[in-house]
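Chemist: One predicted model, sequence on top.
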Amino acid sequence: MIHLKRYFIIIMALAAFCNCKKNKGECCIQIDKPSGTYIYPVAFGNPDWSLYQIPDSILINMSTPALIQSLLDNPNIPLRNIYSNVFQGRDQVLKRLNASTELNKRPDACQKLYERYIQMTPCCFPENSPSVERGNYIEGWVVYEEILTQDSILNQFDHSKKIDLARVVVKKQEIKMTYGESFGTSKVSGVLVLSQIMKLDNYRPFMNELNTNSDLAFYTTTGLATEANHEPFRNIILSYAKVFTK
């Protein structure tokens, strides 16, 4: 009964956006900020990192959804992009933010990230908006998916739940691909979530591929392609993920 209920929820969620590009106005649902989301006192770039921390008295009493939103809203999150690869940037910035530290302590962190991820719809891409707005939208996906790639988060899910999450990521990845290059680096962050899930679940076919394909192994640990074109690596990961989630 539990498994049937879980699959019913996933099917309903995926049905809501499976044809989203064709019915954009109907499927694009904005996600409201949770009550209690922290508002930072300074904008991006202040050298005093203490200004980007949430006071402990507030932090410990925040709901997990509000904590997730507060981490996403942290003005210094973009500093991830100055590092040489995806995982280095993720680790160097997130470890300096107490919202991230607290989120990793929450036993429901992965579940709440998963629930919100189901609601996120690629069809909200602002195609006719200025480039800055489009860039900010894509960056929102990248940040979210990079947070999801953390072992400490993903390992909160057992085998069955990892498959559930991977299934949702696959569907969203397929929708992103219908927008051509518009989703840019978010198509990388999506497949990195999939590769991390399959690694942590010790999915043998994928692990065997990594053992024989050094370029792919490098890609899944850095997010960097040995050549300029990421598409072959994305396609390999996605093909394994589709079998993994059957």
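Modeler: Right, received. Where do you want to start?
Chemist: What is the neighbour count of residue 129?
Modeler: The number of residues packed near residue 129 is 12, by other Cβ atoms under 10 Å. Using the backbone N, CA and C atoms, a C-beta is placed for each residue, glycine as well.
Chemist: Now do the nearest residue to residue 51 once chain neighbours are set aside, the pLDDT please.
Modeler: Using Cβ to Cβ, 6 or more residues apart in numbering and skipping residues adjacent in sequence, the residue nearest residue 51 is residue 42, 4.7 Å away. pLDDT recorded at residue 42 is 95.
Chemist: do the same with residue 26
Modeler: pLDDT, residue 26: 52.
Chemist: gap between the residue nearest the centre of the chain and residue 173?
Modeler: When Cα atoms, centre = their mean is applied to the chain, the residue found nearest the centroid is residue 145 (1.2 Å). Distance from residue 145 to residue 173, counting by Cβ to Cβ, to the nearest Å: 10 Å.
Chemist: Now the common contact residues for these two.
Modeler: residue 190 (Cβ atoms under 8 Å, 6 or more residues apart in numbering).
Chemist: got the contact list for the residue lying closest to residue 36 once chain neighbours are set aside?
Modeler: In space, and not counting its chain neighbours, residue 36 is closest to residue 66: 4.0 Å by Cβ to Cβ, 6+ apart. Under the criterion of Cβ under 8 Å, 6+ apart, the neighbours of residue 66 are 34, 35, 36, 37, 38.
Chemist: Let me see the mean pLDDT of the helix or strand where residue 193 lies.
Modeler: Residue 193 belongs to helix 186-200 when elements are defined using DSSP states H and E. Taken as a whole, helix 186-200 carries a mean pLDDT of 93.
Chemist: can you give me how far that helix is from the chain middle?
Modeler: The chain centroid and the centroid of helix 186-200 are separated by 9 Å under Cα atoms, centre = their mean, to the nearest Å.
Chemist: helices or strands next to it in the packing?
Modeler: If you count contacts as 3 or more Cβ pairs under 8 Å, 6 or more residues apart in numbering; DSSP states H and E, helix 186-200 packs onto helix 86-94, helix 131-148, helix 151-154, helix 159-177, helix 204-212, helix 214-222, helix 231-244.
Chemist: got the contact list for it?
Modeler: If you take Cβ under 8 Å, 6+ apart as the criterion, helix 186-200 is touched by 86, 138, 141-142, 145-146, 148-149, 151, 154-155, 162, 165-166, 169-170, 172-173, 176-177, 206-207, 210, 220, 223, 230, 233-234, 237-238, 240-241, 244.
Chemist: Please indicate which of those residues are buried?
Modeler: Listed as buried from the contacts of helix 186-200 are 86, 138, 141-142, 145-146, 148-149, 154, 162, 165-166, 169-170, 172-173, 176-177, 206, 210, 220, 223, 230, 233-234, 237-238, 240-241, 244; burial here means 16 or more other Cβ atoms under 10 Å.
Chemist: Now do the same contact list for the residue nearest to residue 97 when sequence neighbours are not counted.
Modeler: Using Cβ to Cβ, 6+ apart and skipping the chain neighbours, the partner closest in space to residue 97 is residue 74 (5.7 Å). Taking Cβ under 8 Å, 6+ apart as the criterion, residue 74 is in contact with 40, 52, 97, 99.
Chemist: Roughly how far does residue 74 sit from residue 50?
Modeler: 13 Å.
Chemist: Over to residue 70?
Modeler: Applying Cβ to Cβ to residue 70 and residue 50 gives a distance of 16 Å.
Chemist: The two: who's more crowded?
Modeler: Neighbour totals were compared for residue 70 and residue 50, and residue 70 leads with 26 against 7 (other Cβ under 10 Å).
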